[in-house]
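Asker: The amino acid sequence is not available; the structure is as follows:
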């Protein structure tokens, strides 16, 4: 099984004999390129998230991945691994980028079952899809060591001995001339239950998807354990019948992986409808979840962090609220809103302060934060834009003030991915909302891992 590893915003072109790859331009087989081109057109036609887009490079048509990361798998099995570009700039190449992505994915609700130590170790020597498959196999192996759970299931069969309840109508129809048989309905204690059927089917899929010899060997061994369990024939129905009651808690992780494998869709993008198992995640959502998890640890008592608040709308019309205002993060003290924060996965440059560049900030983002401040803080308080920390954006920018909004201030702050901390100015009015140690560290210390370059984000 062949494939390549690329980074966010790299472009792909069909490989030709005289093609020379560049840093952000990679070659792929023509059939795979044609399939990706069709996906671009399909997503544009159906109005779905643009995880690919058509562009021009070197005078020829190319397909560019956007800010989605993960694994794209073409119908012929060709794999394209897309990694965060910030991970490449940190140093360590593909290995470092995978490890960073795995750690960030653990902050997503559907991926909290990733065992970070084992996954990071695997990321050092195999592509991302193999890491995911290895995590699934590890979780199934844990179930096997504890023993497959059995359950009573109702079964109808034509037996040589009376067992359970005799079904008279079927018995007369089947055994009118067979006095040695009994058509019965009875309960049987068996491992043939929805949870085991789903795991058996997912193991078979993993065996086909994996190119790793170690993963294939473990998948075959686990399939042998499930030999007496028939594979699931109706995934949706079996998932609806899953019961993680007493004694079944250790099945949760494996079934979470099985859902991703069998339903062949990403938890955030739904790309599985392309009939190719892909796992893609928008880095905006991954970055937001990562910041939310670690920023909550910086907060002092009694402040709390709320994600995706939906308390206000921009306007009301004929008794209806339109255009819901949903800031990414909201710091609260009891029931009072104290600080509004929004995360942005993009590059800004603190050296470009001229009127044209404006640090690379977006006017739309400022409008958005102004609306949040007016609704959630009554136009009096602090709103914050959070961007990834880079070598061109290592310290908070000077404060922004809205002339017409009394007391409303906007801050632009860097979040260090390696240190997992937000840089908070000591003189900011909201500095008291955060632990003193975090605030001092963010203000006065140069992080050792600030190695990101301007090319880290596009």
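Answerer: It's in. Predicted model, so just to flag it, every value in this text is computed and none were measured.

Asker: quick one: the helices in the stretch 151-300 of the chain?
Answerer: For the stretch 151-300 of the chain, the helices defined by DSSP state H, counting those that start in this stretch cover 168-174, 194-209, 213-225, 235-240, 252-263, 283-298.

Asker: can you redo those as a markdown table with distance to residue 76 and mean neighbour count?
Answerer: All C-beta spots, glycine's among them, are computed from the backbone N, C-alpha and C. Putting the helices of the stretch 151-300 of the chain into a markdown table (distance: least, C-beta to C-beta, whole Å; neighbours: other C-beta atoms under 10 Å) gives the following:
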| stretch | distance to residue 76 | mean neighbour count |
| --- | --- | --- |
| helix 168-174 | 48 | 12 |
| helix 194-209 | 13 | 22 |
| helix 213-225 | 19 | 16 |
| helix 235-240 | 23 | 14 |
| helix 252-263 | 19 | 20 |
| helix 283-298 | 27 | 20 |
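
Asker: Out of those, name the one with the poorest average pLDDT.
Answerer: Out of the helices of the stretch 151-300 of the chain, helix 168-174 stands lowest, with a mean of 75 (criterion: mean pLDDT).

Asker: helices or strands next to it in the packing?
Answerer: In terms of contacts (3 or more C-beta pairs under 8 Å, 6 or more residues apart in numbering; DSSP states H and E), helix 168-174 is packed against strand 182-190.

Asker: what pLDDT, on average, does the strand it packs on get?
Answerer: Strand 182-190 comes out at a mean pLDDT of 72.

Asker: low-scoring stretches of the stretch 301-450 of the chain, by residue?
Answerer: Residues of the stretch 301-450 of the chain meeting the criterion pLDDT under 70: 405-406, 436-450.

Asker: scratch that, the stretch 1-150 of the chain
Answerer: Residues of the stretch 1-150 of the chain that meet the cut-off, pLDDT under 70, sit at 1, 17-20, 23, 46-49, 87-92, 109-126.

Asker: What is the burial count for residue 420?
Answerer: Neighbour count of residue 420, defined by other C-beta atoms under 10 Å: 15.

Asker: Likewise for the one 3 residues further on?
Answerer: Using other C-beta under 10 Å, residue 423 has 23 other residues around it.

Asker: do the same with residue 31
Answerer: Counted with other C-beta under 10 Å, residue 31 comes out at 13.

Asker: what about it, helix or strand, and which?
Answerer: Assigned by DSSP states H and E, residue 31 belongs to helix 30-46.

Asker: For that helix, which helices and strands make contact with it?
Answerer: Looks like helix 30-46 contacts strand 11-14, strand 52-57, strand 60-65 (3+ C-beta pairs under 8 Å, 6+ apart).

Asker: Domain-wise, how is the protein divided?
Answerer: 125-150+192-266, 152-190, 299-456 (automatic domain parsing).

Asker: how about those domains in TSV, adding distance to residue 101?
Answerer: Formatted as TSV, the domains of the chain follow (distance: least, C-beta to C-beta, whole Å):
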stretch	distance to residue 101
domain 125-150+192-266	7
domain 152-190	41
domain 299-456	11
